[in-house]
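In: Okay, predicted coordinates and the sequence, questions at the end:
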Amino acid sequence: MKYEIYGQSLPNIPWAERTPGAVGPVWRSELNPIIKRDILPNGNSVFNSAAVPFNGKFAGVFRVDDKARILRLHRGFSEDGIHWEIDPTPLSLIGKDGTKTMVKGYDPRVLKIDDTYYICYCNCVDGPTVALAYTKDFVDFYDLGNSFLPFNRNGVLFPRKINGKYGLLSRPSDNGHTPFGDIFYSESPDLEFWGHHKHVMGTTCGWQELKIGAGPVPIETSEGWLLIYHGVLLSCNGYVYSAGVAILDRDEPWKVKYRAQPYILAPTEIYEQVGDVPNVVFPCAALCDADTGRVTIYYGGADTVVCMAHTTVDELIDFAKENS
C-alpha cells in the first residue's frame with residue numbers, strides 16, 4: 001500500500017480481484033446486480049442504499065420504492081455483504097416524545113461514530129431536505145430531525161469530528177429535478193444546529209457539467225479525505241449519472257487537493273442503462289479494509305437495483321492525482 005487508510009480492519013470485506021479486461025481504477029462485481037428490484041413482494045425497486053460492518057457481519061439501510069411508488073427506508077442484514085435479507089417493514093423513527101413515525105425518505109448514507117450508527121438521508125418535508133437519525137442496534141431507530149431547510153439533498157456525514165465539530169457535505173437544490181448543484185461543507189457542535197457553510201466544489205464540464213453530489217461517507221487516508229461523488233450530464237437523450245473521485249484536505253475538508261477530470265464509473269452495463277431511470281450510476285456506500293487498502297463501493301443502477309464495484313485506495317488516489 002502506498003497510502004494509508006485511517007480506519008478499521010475489515011478482513012471479511014466483500015471482494016473480487018480485478019476482472020480481466022477491466023479498464024480504469026474501478027471494476028464491477030460479476031455478481032451485479034447484487035440486489036434485484038423484486039427482492040421484496042411489494043417492492044418496485046431497491047437502489048441508492050448504504051451498508052456498514054455490524055457485529056462481524058453487515059447491516060444497512062436501503063431505499064425501497066414500493067408498488068405505490070412511495071419512497072421508504074428499510075433495514076437489511078447480510079453475512080457477507082453480498083447476499084442481503086431486507087426487512088419488508090419500513091423503518092419507523094422514535095421521536096423525542098417517544099412516538100414512532102414511519103419514514104418517507106430516500107438515498108441514505110450510514111456510518112458509525114463511537115458506538116452509534118448514524119443515518120443521513122433525504123427527507124420529504126414540503127420538498128427534499130437532509131435529515132439525520134441514529135441507532136445502536138439496528139432495532140430501534142431515533143429521529144434527530146431535519147438538518148437544513150428545504151431544499152437540500154445528498155447529505156453525507158464525516159466519520160469523525162474535525163476541529164472539534166461534526167462535518168457534513170450536502171448539495172442545496174430546488175424542488176424539482178435540480179438543474180444545478182454544488183457541494184457545500186457545514187459543521188455542527190451537536191448534530192442538531194448546523195452552520196459555517198463553505199463551498200467545496202462545483203460543476204465543471206462533460207460528465208459533471210450539470211450538478212454534483214457527495215456519495216459514500218468520505219474515507220480518511222494519509223493523503224486526505226477520499227471523496228467518491230456523483231456528477232450529472234444532460235445529454236440529448238436525458239440525464240446521465242456517473243461517479244468521480246476527489247481528495248479533500250484532512251483539516252480543512254472544504255479545500256480540494258485533487259479532483260480527477262475523468263469519471264471512475266459510468267453507466268455502460270445494461271443494469272445501469274435500463275431501468276426506472278436510465279443511465280444512472282449512483283454511489284452511496286463504501287466499505288474499506290485498512291490492512292489491505294481494499295475498497296468496495298455500493299451503488300444504485302438505473303434507480304432500480306443495487307450494484308457493487310471494487311477498487312483500492314492506491315488506485316483511487318493515484319487516479320485523482322494523475323488526472324487532476
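Out: Ah, there it is.
In: Pull the contacting residues for T204.
Out: Counting by Cβ atoms under 8 Å, 6 or more residues apart in numbering, T204 touches Q261. Yep, even glycine has a C-beta here, placed from its N, CA and C like the rest.
In: I'd like the distance from stretch 273-280 to the chain centre, please.
Out: 18 Å (Cα atoms, centre = their mean, to the nearest Å).
In: what is the mean pLDDT for it?
Out: Averaged across stretch 273-280, pLDDT comes to 98.
In: likewise stretch 23-34?
Out: So the average pLDDT for stretch 23-34 ends up being 97.
In: Now the element after the helix or strand hosting W225, going C-ward?
Out: Here W225, judged by DSSP states H and E, is contained in strand 224-235. Toward the C-terminal end, the helix or strand that comes next after strand 224-235 (DSSP H and E) is strand 238-248.
In: angle of that following strand against strand 224-235?
Out: Between the axes of strand 238-248 and strand 224-235, defined by axes from the mean of the first three to the mean of the last three Cα atoms, to 10 degrees, the angle is 160 degrees.
In: Show me what secondary structure element comes after strand 238-248.
Out: According to DSSP H and E, the helix or strand after strand 238-248 is strand 256-259.
In: Report all helices and strands that that following strand contacts.
Out: strand 195-201, strand 238-248, helix 313-322 (3 or more Cβ pairs under 8 Å, 6 or more residues apart in numbering; DSSP states H and E).
In: What are the contacting residues of that strand?
Out: Here strand 256-259 has contacts from 200-201, 223-224, 244-249, 317, 320-321, 324, using Cβ under 8 Å, 6+ apart.
In: what's the closest of those to H310?
Out: Using Cβ to Cβ, V245 comes nearest to H310 of the contacts of strand 256-259, at 14.1 Å.
In: Report how many residues lie close to the closest one.
Out: For V245, the count of nearby residues is 26 (other Cβ atoms under 10 Å).
In: which residues sit in contact with the residue nearest in space to the middle of the chain?
Out: Against the mean C-alpha coordinate of the chain, by Cα atoms, centre = their mean, the closest residue is C284 at 2.0 Å. With contacts defined as Cβ under 8 Å, 6+ apart, the neighbours of C284 are 48-50, 107-109, 215-216, 298-300.
In: and if we set it to 10 Å?
Out: Taking Cβ atoms under 10 Å, 6 or more residues apart in numbering as the criterion, C284 is in contact with 47-51, 60-63, 107-110, 154, 156, 214-217, 228, 230, 297-300, 306.
In: swap in P189?
Out: Here P189 is in contact with 161, 164-166, 195 (Cβ under 10 Å, 6+ apart).
In: so what's T116 closest to, chain neighbours aside?
Out: Y134 (5.2 Å; Cβ to Cβ, 6 or more residues apart in numbering).
In: same check, this time on K161
Out: Closest to K161 by Cβ to Cβ, 6+ apart is G167, at 7.6 Å.
In: Pop out the phi and psi values for that neighbour.
Out: The phi/psi pair for G167 (degrees, to the nearest 10) reads phi -120, psi 150.
In: What is the neighbour count of it?
Out: Count around G167 with other Cβ under 10 Å applied: 23.
In: which residues does it contact?
Out: 156-161, 185-188, 194, 196, 218, 225, 248, 253-254.
In: Turn the helices and strands packed on strand 256-259 into a markdown table, columns for distance to P150 and mean pLDDT.
Out: Below are the helices and strands packed on strand 256-259 laid out as a markdown table (distance: least, Cβ to Cβ, whole Å; pLDDT from 0 to 100):
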| stretch | distance to P150 | mean pLDDT |
| --- | --- | --- |
| strand 195-201 | 16 | 98 |
| strand 238-248 | 21 | 98 |
| helix 313-322 | 33 | 98 |
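In: Tell me which of those is the most buried.
Out: Neighbour counts (mean count of other Cβ atoms under 10 Å) averaged over each of the helices and strands packed on strand 256-259 peak at strand 238-248, with a mean of 23.
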